[in-house]
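S.K.: From the sequence below, what's the structure:
(one chain, ligands or ions: 1)
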Amino acid sequence: MSGYDPWASGGLPYLNVAHICPATRALGPGLRAVLWVQGCCFRCPGCIAPDWIPRRIAHLMTPEEAVARLLAHPHVTGLTFSGGEPMLQAAGLAAVARLARRQRELSIICYTGFTLEQLRADPPGPGVEDLLQETDVLIDGPYVAALNDQRGLRGSANQRVHYLTDRLRGVDFEHTPRRIEIHLNEDYALLVGIPTSEQLAAFERTIVRLPSHRGPSTGAEGSAG
Ligand code: SF4
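M.R.: Numbers count the residues shown, from 1 in each chain. Here you go, the predicted model:
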């Protein structure tokens, strides 16, 4: 697969995935599976997922392979897409959403550093409109550390919550207290959710004491961006 450029192709036929979390309650309502893409075109100061900014190949997989992992837990009722920048692999993520919804009723949340207006006026790659069609809630805009108000399912107060369908309209994404989970794997720790500054500092203090780690990494586009 030498020479394959997932950002030029929009993530089809292969998505370039930074990480998949099969079950969390920290990135949206209910039990959700999360897919973080690798590669971002922004460099927001204070980005909490700097490992996932570089445009390097991480894990290439087809939408079918991604769906099999995302729906492995039978009680998952929603998907959250983050990164990295999901809109740079929008065609692949739209395919994931469509395939997953053939198997199960799901809500879909997508984070992006672009604004909705930018996405509609000048899409950054193939499949952006398709992904917007599949998205119930879009949380948009870059992360601005100075506007981090330590609450809500967005990283900073400039980011807006767009209810693109009615599926999650009753959910308050802006004021809900932040919730994080720490997922320990064999050789790294993954912080899932949008941490407050205090939570992030505590995680970093604790995790650097482990002999081997790859954290912190989160799915928080915006706290993260
Ligand atoms: S905060 Fe999000 S949009 Fe900003 S650099 Fe990090 S991954 Fe990219």
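S.K.: from the chain's centre, how far out does the top helix by length along the chain sit?
M.R.: Counting by DSSP state H, the longest helix found in the chain is helix 90-103. In terms of CA atoms, centre = their mean, to the nearest Å, the centre of helix 90-103 is found 15 Å from the chain centre.
S.K.: What are the buried residues along that helix?
M.R.: When burial is assessed from 16 or more other CB atoms under 10 Å, helix 90-103 yields the following buried residues: 90-97, 99-100. For every residue, glycine as well, the C-beta is placed using N, CA and C.
S.K.: And Ile182, its phi and psi?
M.R.: phi -110, psi 120 (degrees, to the nearest 10).
S.K.: wait, it sits on Gly193?
M.R.: No - using CB atoms under 8 Å, Ile182 is not in contact with Gly193, being 9.2 Å away.
S.K.: thought Trp36 was touching Trp52?
M.R.: Yes - between Trp36 and Trp52 there is a contact at 6.0 Å, judged by CB under 8 Å.
S.K.: Overlap in contacts, those two.
M.R.: 18-19, 83-84, 217 (CB atoms under 8 Å, 6 or more residues apart in numbering).
S.K.: is it possible to export those residues to CSV including neighbour count?
M.R.: Formatted as CSV, these follow (neighbours: other CB atoms under 10 Å):
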residue, neighbour count
Ala18, 22
His19, 25
Gly83, 31
Gly84, 33
Ser217, 22
